[in-house]
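Colleague: what shape does this take:
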Amino acid sequence: MLSARNRRISASLLLPLALFLFLAGCTDHDQAKQDLLQAVAKQEEVKSYKFSGSLELNADTSLLGQASPMTTALFAMIKESKIDYSGVSSLEASRMESDLKVTPKGADSVDMPVLIKDNKLFFHMPALNQQDEYMVLPVQFAGDAASDSPGGAERLKNTGRLTAAFNQQLLSGIDAKWLQPSKDPVTLSDGTTGKRITVEINSRNEQAFAEHWQKTVPGFIELLKTHGLASDAALAAWQSALQQIQFKAPTTIDLTIDSQGYVREQKWNLHFTSGASTNKNQLVWTQSLAEINQAPAFTRDTPEKQKSIDELLKLARPTSPAKP
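Modeller: Purely as a prediction, here's the structure:
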């Protein structure tokens, strides 16, 4: 049997050991935030990749507000829908090939191939195009040819930098205690492992995140303006719309980082309201990347049958009120 003195020594050793084990088991939120921001910054290094993902939307009608008949019709089609997509992209070559599959609730799926090539965007919509016919528009975004903003091809090359900047602005200001790193390694689609870090919005931090979001939106808009991605009028409308969004619990953002430090998988499960409406909307976006910075294999040629986007834009303009 242990003597009283030995028992006291054993107890004195067990106490710090138990404390050490307790601290070792605690989550290092600050380290998780550092890892997350480093991975987000590394997105700027992604120049080519294969991608796949989906977007599920369950939106209230009030989210759209006033819009043209064409926009209203499109929103009605996707407000309860799932969009699956996959493809390959090279930012340096300003080229992308993708296949979209839109599945509205209770309706048949619509397949829509998309191609960015030769500084033009091509897409095929079965409801508007004949077989093998593609809508086409220059990749100029909202920039004026006479302005100092970068051209369409240059903007595409800057996508990685812009994505990294967006995520940096959103995530750098959050409280590290909102982060939950995975305790065990996560298996990626290619069989390798990574670590997952989750941003969690719950009833305890919902208001704090709302305040953070309001401070972040102007920075988002300034990034879009700097890159010449929209007109001043459009930017003002977007800022107003974004600042009306209130994210609600439970909302989570999962980012999975591979052994090289790249964000390989993402899942954004967002619940939110907009404006004065208390009706909840839900958006679930998932995306995974593969073959990062490897030589991309493109297979599609420039479509021979093309139709100007101007014909579609005519349908999207608001109807003029009838004269008395």
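
Colleague: what's the longest strand along the chain packed up against?
Modeller: For the chain, the strand with the greatest residue count under DSSP state E is strand 245-258. Packed against strand 245-258 by the contact rule (3 or more Cβ pairs under 8 Å, 6 or more residues apart in numbering; DSSP states H and E) you find helix 29-42, strand 193-201, helix 206-226, strand 263-274. Glycine gets a C-beta too; all of them are placed from N, C-alpha and C.

Colleague: give the buried residues for the last one.
Modeller: Applying a neighbour-count criterion of 16 or more other Cβ atoms under 10 Å, the buried positions in strand 263-274 are 263-274.

Colleague: remind me which residues of the protein are low pLDDT?
Modeller: 1-27, 65-68, 70, 140-157, 311-324 (pLDDT under 70).

Colleague: so where do the helices sit in it?
Modeller: 4-25, 29-42, 69-78, 152-157, 159-172, 206-226, 232-243, 310-316 (DSSP state H).

Colleague: count the neighbours of D111 for me.
Modeller: 12 (other Cβ atoms under 10 Å).

Colleague: swap in the one 3 residues further on?
Modeller: Burial measure for V114: 18 neighbouring residues, criterion other Cβ under 10 Å.

Colleague: so it touches F122, yeah?
Modeller: Yes. V114 is within contact range of F122, at 7.1 Å (criterion: Cβ atoms under 8 Å).

Colleague: circling back to that earlier point, nearest to S109, of the helices and strands packed on strand 245-258?
Modeller: S109 sits nearest to strand 263-274 of all those, at 22.0 Å, using Cβ to Cβ.

Colleague: distance from the chain centre to that closest one, please.
Modeller: 7 Å (Cα atoms, centre = their mean, to the nearest Å).

Colleague: and the contacts of that strand?
Modeller: Applying Cβ atoms under 8 Å, 6 or more residues apart in numbering, the contact partners of strand 263-274 are 39-40, 42-43, 62-63, 188-189, 194, 196, 241, 244-258, 279-290, 292.

Colleague: only alpha carbons, please: show that strand as CSV.
Modeller: Provided in CSV are the C-alpha atoms of strand 263-274 (Å, rounded to 0.1, in the frame of the first residue of the first chain):
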residue,chain,number,x,y,z
VAL,A,263,-9.2,25.2,-49.8
ARG,A,264,-10.3,22.0,-51.6
GLU,A,265,-13.9,21.8,-50.4
GLN,A,266,-16.5,24.3,-49.3
LYS,A,267,-20.1,24.1,-48.0
TRP,A,268,-22.0,27.3,-47.2
ASN,A,269,-25.3,26.5,-45.5
LEU,A,270,-26.9,29.9,-45.1
HIS,A,271,-30.2,30.8,-43.5
PHE,A,272,-31.2,34.5,-43.9
THR,A,273,-34.0,37.0,-44.1
SER,A,274,-34.1,40.2,-46.2
